[in-house]
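[1] generate coordinates for the sequence data below:
(2 chains)
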Amino acid sequence: MSRPLADAALAPVPVRWDADRAVTAIYSDHYCCLVRLALLLVRDVATAQDVVQDSFVAMHTAWRRQWDSDQALAYLHQSVVKRSRSAPRHRAAIEPNGYQPGPGVPGAELGAEPGAPPPLKHTAVVCALPTLPAREQEAVVLRYYGGLPEAQVAAAMGVSEGAVKRHLARATAALQMVAEMDP
Amino acid sequence: MRARGGQDRPDTAQAIQARRDLDDVLRRALHAAVDPVEPAGDGLTQILHRLSTPPALRQVTLLVTDCVDLARLITIWLEPAFTGATRLGRRHAGYRRELPHRAIRAPLRLAGPWLRPALAVAAAATLVVIAVVVLGPVRQIVTRTSLNASTDASTPGRAGARPAGAGHGQSATANLTRTGPVRPGSTSAQAGRASHRPGTTPAPSPGVTPSGSPAASPSPAPTPSKTNHGHHKPHTSKTKTPPGHK
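    Below is the predicted model of the structure:
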């Protein structure tokens, strides 16, 4: 089990760092975790990588505003969540047969092309995750995979903390039923 | 009351424990699901490649990609219309008894396969032309903005090297705009200071003249534009109503 994003403490990025050095440093510590987080939201490795790379590019562009690692990471979380929302919409629009989500739907495998990463383990909870509303999925992924506190989840999602609590309560109630039904 | 409260406590504790268990299950399930996934190792290379690509080129590439997608969508949306039109044409052709049946249907068959790609290409070309027409002025604006920014960025060394009371850090462009209307005998404060300085001649554009000591500038490069812009506005307003014209 990899360490949660929140626990992966970075050495504070000095103010004098330029954007290139900051991107390199944050990439080495957080890229994999961010791709996996995006993977839980978009359910496609290539799209998840695109989303995270775009977020890094955006962070590089906006680096003047990002003065420390915490703010940079918060910006990345927010950017990944926003881009994960729009990426499936874009794919659903351009794919003639409609967007087919990967894991979560039984039988659908992650990464159909050769040399792709191994498929997700379809536990009952992970299978049930895509059935939740999008905001509840985001809250669950950021809270339980990212290990972020509710305030940071709210900041990443662009909603209030109360809304995050509500989303989490509904999502956990739904997932609890699934977990109890699973032998 | 106490007995009831005593009964409630275990339930609450059980609920809390169940909640913690569920949290634990969720964490484990999510980590077990995606932790085996290793992203491609060239992520940083791709990020740097995207960063090294000029933004305009990147935007154009994205625009072309979106145009192609849009053309595909339009083709897909219009497919039922094409099919309907083809059927209608066939029906209409069926009523024409005077012409041979095959002679009427042949052009439709020939037009069918060509029509869709041709329309898609035409739509894509139209969108690209529109994008180019729109991007042209935008590019000019960006070029002008970058030129202005570079002019401003080249100023702070000079502005900082000036004597403390001379210009309040205004940019060379501000100086140019100010010194333009100033005549040798004007009552402008700037002109007065210039004339009072020993060894200086009333040059037509003192702001453009490079100052002698770049080491004298106390402020380094990082925040030149903010300082310049901050002091730029009052001087431009002075330019509009110079004291000499009152």
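
[2] where do the helices sit along chain A?
    Counting by DSSP state H, chain A has these helices, from start to end: A:19-42, A:45-61, A:69-94, A:124-128, A:134-140, A:150-157, A:161-181.

[3] to residue B:46, which of the ones you listed lies closest?
    Proximity to residue B:46 (C-beta to C-beta) singles out helix A:45-61 among the helices of chain A, at 5.5 Å. C-beta coordinates here come from the backbone N, C-alpha and C atoms, glycine included.

[4] got the angle for the closest one vs helix A:19-42?
    With axes from the mean of the first three to the mean of the last three C-alpha atoms, to 10 degrees as the criterion, the two stretches helix A:45-61 and helix A:19-42 enclose an angle of 150 degrees.

[5] which strands and helices lie in contact with helix A:45-61?
    Packing contacts for helix A:45-61, counted by 3 or more C-beta pairs under 8 Å, 6 or more residues apart in numbering or on different chains; DSSP states H and E, involve helix A:19-42, helix A:69-94, helix B:43-52.

[6] just to revisit the earlier point, of the helices of chain A, which is nearest residue B:89?
    Go through the helices of chain A one by one with C-beta to C-beta and the one that ends up closest to residue B:89 is helix A:69-94, at 30.5 Å.

[7] isn't residue A:157 up against residue A:141?
    No - taking contact to mean C-beta atoms under 8 Å, the distance of 10.3 Å between residue A:157 and residue A:141 leaves them out of contact.

[8] higher neighbour count, these two?
    Using other C-beta atoms under 10 Å in any protein chain shown, the more surrounded residue of residue A:157 and residue A:141 is residue A:141, with 25 against 20.

[9] where does pLDDT dip in chain A?
    A:1-17, A:64-67, A:90-123, A:182-183 (pLDDT under 70).

[10] burial measure for the closest residue to residue A:152 other than its chain neighbours, as a count.
    Counting by C-beta to C-beta, 6 or more residues apart in numbering or on different chains, residue A:74 is the residue found nearest to residue A:152 once chain neighbours are left out, at 6.6 Å. A count of nearby residues for residue A:74, using other C-beta under 10 Å, gives 16.

[11] which ones are touching residue A:74?
    Contacts for residue A:74 were tallied using C-beta atoms under 8 Å, 6 or more residues apart in numbering or on different chains; they are A:152, A:155, A:156.

[12] so what are the domain limits for chain A?
    A:8-102, A:120-183 (automatic domain parsing).

[13] sorry, back to before: measure the residue nearest to residue A:152 to residue A:45 for me?
    Residue A:74 sits at a distance of 24 Å from residue A:45 (criterion: C-beta to C-beta, to the nearest Å).

[14] and residue A:80, by the same measure?
    Distance check for residue A:80 against residue A:45: by C-beta to C-beta, it reads 14 Å.

[15] which of the helices of chain A sits closest to residue B:81?
    With distances scored as C-beta to C-beta, the stretch of these nearest to residue B:81 is helix A:69-94 (19.4 Å).

[16] please point out which parts of the closest one sit buried.
    For helix A:69-94, burial by neighbour count (16 or more other C-beta atoms under 10 Å in any protein chain shown) applies to A:69, A:72-85, A:87-88, A:91, A:94.

[17] now do it against helix A:19-42, angle only.
    The directions of helix A:69-94 and helix A:19-42 differ by 50 degrees, with the same axes, to 10 degrees as the criterion.

[18] report how many residues lie close to the residue lying closest to residue A:167 once chain neighbours are set aside.
    Spatial nearest neighbour of residue A:167, excluding adjacent residues (C-beta to C-beta, 6+ apart): residue A:139 at 4.0 Å. Counted by other C-beta under 10 Å, the residues lying close to residue A:139 total 29.

[19] hang on, the earlier thing: and the buried ones among the contacts of residue A:74, selectable in ChimeraX?
    The following ChimeraX line selects those of those that are buried, judged by 16+ other C-beta under 10 Å:
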select /A:152,155,156
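
[20] show me where pLDDT drops low in chain B?
    Using pLDDT under 70 as the threshold, the predicted model of chain B has low-confidence ranges B:1-10, B:55, B:92-113, B:143, B:146-246.

[21] what parts of it come near chain A?
    Applying C-beta under 8 Å from any C-beta of the partner chain, one finds that chain B approaches chain A through B:18-19, B:22-23, B:25-40, B:43-44, B:46-47, B:50-51, B:69, B:72-73, B:76.

[22] cross the residues you listed against strands and list the overlap.
    Assigned to strands by DSSP state E, none of the residues of chain B next to chain A qualify.

[23] for residue A:24, grab the count of nearby residues.
    Applying other C-beta under 10 Å, we find 14 residues neighbouring residue A:24.

[24] pretty sure it sits against residue B:45.
    No - under the criterion of C-beta under 8 Å, residue A:24 lies out of contact with residue B:45, with a separation of 11.4 Å.

[25] check contacts around residue A:85.
    A:41, A:134, A:138.

[26] neighbour-wise, which of those residues leads?
    Of all the contacts of residue A:85, the highest neighbour tally under other C-beta under 10 Å goes to residue A:138, namely 27 neighbours.

[27] chain B versus that one, what's the distance?
    For residue A:138, the distance to chain B equals 13 Å [C-beta to the nearest C-beta, to the nearest Å].

[28] for that residue, which residues are in contact?
    With contacts taken as C-beta under 8 Å, 6+ apart, residue A:138 has the following neighbours: A:41, A:81, A:84, A:85, A:156, A:157, A:167.

[29] specify which member of these is nearest to residue B:140.
    Residue B:140 has its nearest neighbour among the contacts of residue A:138 in residue A:85, at 34.2 Å by C-beta to C-beta.

[30] roughly how far does that closest one sit from chain B?
    Counting by C-beta to the nearest C-beta, the gap from residue A:85 to chain B is 18 Å.

[31] what's near enough to touch the closest residue to residue B:40 other than its chain neighbours?
    Leaving out its chain neighbours, the residue that sits closest to residue B:40 by C-beta to C-beta, 6+ apart is residue A:49, at 6.4 Å. The neighbours of residue A:49, taking C-beta under 8 Å, 6+ apart as the test, are A:35, A:38, B:39, B:40, B:43, B:46.
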